[in-house]
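Peer 1: Next come a sequence and a model predicted from it.
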Amino acid sequence: MKIAIIGCGMTGMSAAYDLVNAGHQVEIFEAAGEPGGLAGGFKEPEWKWSLEKYYHHWFLSDKDMFSLIEELGWKNRVVVRQPKTVMFHNGQFYPFDSIPSAILYPGLGWGLNKIRFGLVTLYLRLTKNWKPMESVTVDSWMRKWAGEKAYNQMWLPMLDGKFGERYARQVNMAWMWARLHSRTTKLATFEGGFQTFADALAGELQKRGVVIHYQTGVESIRRTAEGKLNVKTFIGAMEYDRCLITVSPAQMARMTPNLPKDYLQGLLDLKSLGAVIMVLAIRHPLSTKGYYWFNLPKSAGFPFLALVEHTNFLPPEYYGGDHLLYCGDYLETDHEYFKLSQEELLERFLPALQRINPDFRPDWVRKTWLYRTTYAQPVPLIDHSRHIPAIQTPIPGLYYASMSQVYPWDRGTNFAVQIGRKTARLILTDSQI
């Protein structure tokens, strides 16, 4: 078969890997000039490693990613670390990277509150029965079982920060289960950074015969009278036996105008948030205690959800001595952060850095980078599984795979690999009919 894949991110490349290995002709169309999608990175001339535009790492439980890496023979290029995560409470940061440290977190109070927190966390780590949880919100489930104190101090600030006022109390409990069930305190990355991994995977695909068209956006996909899929780009139109689309639901809807109304409406009804990330290269460490991930409640007045000091995960020597920070937030696309200039955003963010380290001064900042995307975080509402569009669309031979479909799992490169390979299996099964 001749197969087209739209998008050279982890989903598209993972599917291409299995399809080309099965003997099919595969072509990938990518609007950007390099592979990787939202996991892509950038590199300064003096840096040894690339840095992700949007902060990324792997958990040791990311079995689909590590399985692919092992198949490729790259296991020795995986770097594992255990950085420090902290939670803000009453003007101070407290460790929050293990169950014991979470239980000691003073925001929980003492006695029954800590016991309930421990039991709920243990239950969510052990149970595999997530399905009933999607019929209730995190808000109602956690208030009932973890208690008002634990919920208001820990989970509600996280939800408010991540999903905003509009969605925070609507997210279903299966989403929270997935986060607590499988994540590990040890984290991993690829030697050289995620862009190095994406480049290596794209190179491996090309060696196996996959053709990758960079800087080639797709305008439309239609089924012809002969049963082929016509893929139109600015360089012309080509016909394929099968096509996999891996872009956002909104892009998918624009790209395939002939989809049946029910499927098309299902795409348009999916909720998601965008992301705004500012990366700063500073001359000195921000955290004097080596903290990596700072959980920041917006109720405390911080202008972003997460602060990540990347060079407390990987050493600054990889980045020419720069100390690297991410200031990030998930936001609705009409938020002012999508409109403010890089200089205006930096002015908003700098006072927060001084709150974290009083010695911080604006002249510590050597350089900044700003990245924005309108599709970063799917929002899973009540009974979300009933509303996920099928991977195999109603148009014969046309498939769709996105982060909105990896539910109950949260977005991430591991689940991009998982859904990419799952879709490849569907295509291969379809080819035998």
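Peer 2: Thanks, I have it.

Peer 1: and the gap between the nearest residue in space to residue 280 that is not next to it in sequence and residue 286?
Peer 2: Excluding the flanking residues, the one nearest residue 280 by CB to CB, 6 or more residues apart in numbering is residue 325, at 4.5 Å. Placement of C-beta: from N, CA and C, glycine included. According to CB to CB, to the nearest Å, residue 325 stands 6 Å off from residue 286.

Peer 1: before we move on, what about residue 43?
Peer 2: Taking CB to CB, one finds residue 43 at 22 Å from residue 286.

Peer 1: Neighbour count for these two, which is higher?
Peer 2: Under the criterion of other CB atoms under 10 Å, the comparison of residue 43 against residue 286 puts residue 286 first, with 22 against 15.

Peer 1: Low-confidence ranges, this protein, go.
Peer 2: Across the chain, the ranges flagged by pLDDT under 70 are 99, 109, 111, 431-433.

Peer 1: quick one, domains of it?
Peer 2: Domain assignment for the chain, taken from automatic domain parsing, gives 2-77+191-270+389-431, 98-182.

Peer 1: Most tightly packed of those?
Peer 2: Most buried of the domains of the chain by mean neighbour count (mean count of other CB atoms under 10 Å) is domain 2-77+191-270+389-431; its value is a mean of 19.

Peer 1: Give me the common contacts of residue 325 and residue 286.
Peer 2: Shared contacts of residue 325 and residue 286 (CB atoms under 8 Å, 6 or more residues apart in numbering): 307, 309, 353.

Peer 1: Return the member of those nearest to residue 207.
Peer 2: residue 309 (37.2 Å; CB to CB).

Peer 1: give the contact list for the closest one.
Peer 2: With CB under 8 Å, 6+ apart, residue 309 has these contacts: 285, 286, 287, 291, 292, 294, 323, 324, 325.

Peer 1: for residue 114, same thing?
Peer 2: Here residue 114 is in contact with 103, 108 (CB under 8 Å, 6+ apart).

Peer 1: Pull the contacting residues for residue 269.
Peer 2: Going by CB under 8 Å, 6+ apart, residue 269 touches residue 387.

Peer 1: what comes up buried for the top strand by length along the chain?
Peer 2: Scanning the chain for the strand with the most residues, using DSSP state E, yields strand 365-379. Buried residues in strand 365-379, defined by neighbour count with 16 or more other CB atoms under 10 Å: 365, 368, 369, 370, 371, 372, 373, 375, 376, 377, 378, 379.

Peer 1: Let me know the distance separating residue 56 from residue 169.
Peer 2: 28 Å.

Peer 1: hang on, the earlier thing: kindly indicate which of the shared contacts of residue 325 and residue 286 lies nearest residue 203.
Peer 2: Here the nearest of the shared contacts of residue 325 and residue 286 to residue 203, counting by CB to CB, is residue 309; it sits at 31.3 Å.

Peer 1: Each with direction, which strands does the one helix or strand the residue nearest to residue 280 maps to pair with?
Peer 2: For residue 325, the host element (DSSP states H and E) is strand 323-331. Take DSSP bridges as the rule and strand 323-331 pairs in its sheet with strand 271-282 (antiparallel), strand 306-309 (antiparallel).

Peer 1: what angle sits between that strand and strand 365-379?
Peer 2: 30 degrees (axes from the mean of the first three to the mean of the last three CA atoms, to 10 degrees).

Peer 1: Can you give the contact residues for strand 323-331?
Peer 2: Contacts for strand 323-331 (CB under 8 Å, 6+ apart): 51, 54-55, 161-164, 273-286, 303-311, 316, 337-338, 349, 352-353, 376-377.

Peer 1: Distance to residue 235 added to the strands paired with strand 323-331, as TSV?
Peer 2: Output for the strands paired with strand 323-331, formatted as TSV (distance: least, CB to CB, whole Å):
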stretch	distance to residue 235
strand 271-282	29
strand 306-309	39
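
Peer 1: Over to residue 294. Which of the three states is it?
Peer 2: Classification of residue 294 using DSSP: H, G, I helix; E, B strand; the rest coil returns strand.

Peer 1: ok, residues contacting stretch 158-170?
Peer 2: Contacts for stretch 158-170 (CB under 8 Å, 6+ apart): 137-139, 156, 171, 271, 273, 295-299, 305-306, 329-332, 377, 379, 381-382.

Peer 1: Mind doing that once more with 6 Å?
Peer 2: 139, 171, 298, 305, 330, 379, 381 (CB atoms under 6 Å, 6 or more residues apart in numbering).

Peer 1: In a helix, the last one, correct?
Peer 2: No: the secondary structure assignment for residue 381 gives coil rather than a helix, going by three-state DSSP.

Peer 1: measure it to residue 270 for me?
Peer 2: Distance, residue 381 to residue 270, by CB to CB: 10 Å.

Peer 1: now do residue 216
Peer 2: Residue 216 is 26 Å from residue 270, by CB to CB.

Peer 1: which residues in the stretch 301-433 of the chain form helices?
Peer 2: 342-356, 413-431 (DSSP state H, counting those that start in this stretch).

Peer 1: Export the longest one to PDB, keeping only CA atoms.
Peer 2: Taking only C-alpha atoms (Å, rounded to 0.1, in the frame of the first residue of the first chain), the coordinates of helix 413-431 have been written out as PDB:
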ATOM      1  CA  THR A 413       5.300  11.400  24.000                       C
ATOM      2  CA  ASN A 414       4.800   7.900  25.500                       C
ATOM      3  CA  PHE A 415       1.100   8.000  24.600                       C
ATOM      4  CA  ALA A 416       1.800   9.500  21.200                       C
ATOM      5  CA  VAL A 417       3.900   6.400  20.500                       C
ATOM      6  CA  GLN A 418       1.200   4.200  21.900                       C
ATOM      7  CA  ILE A 419      -1.600   5.600  19.700                       C
ATOM      8  CA  GLY A 420       0.700   5.800  16.700                       C
ATOM      9  CA  ARG A 421       1.500   2.100  16.800                       C
ATOM     10  CA  LYS A 422      -2.100   1.200  17.700                       C
ATOM     11  CA  THR A 423      -3.200   3.100  14.500                       C
ATOM     12  CA  ALA A 424      -0.600   1.300  12.400                       C
ATOM     13  CA  ARG A 425      -2.000  -2.000  13.600                       C
ATOM     14  CA  LEU A 426      -5.500  -0.900  12.500                       C
ATOM     15  CA  ILE A 427      -4.200   0.100   9.100                       C
ATOM     16  CA  LEU A 428      -2.400  -3.200   8.700                       C
ATOM     17  CA  THR A 429      -5.500  -5.100   9.700                       C
ATOM     18  CA  ASP A 430      -7.600  -3.000   7.300                       C
ATOM     19  CA  SER A 431      -5.200  -3.800   4.400                       C
END
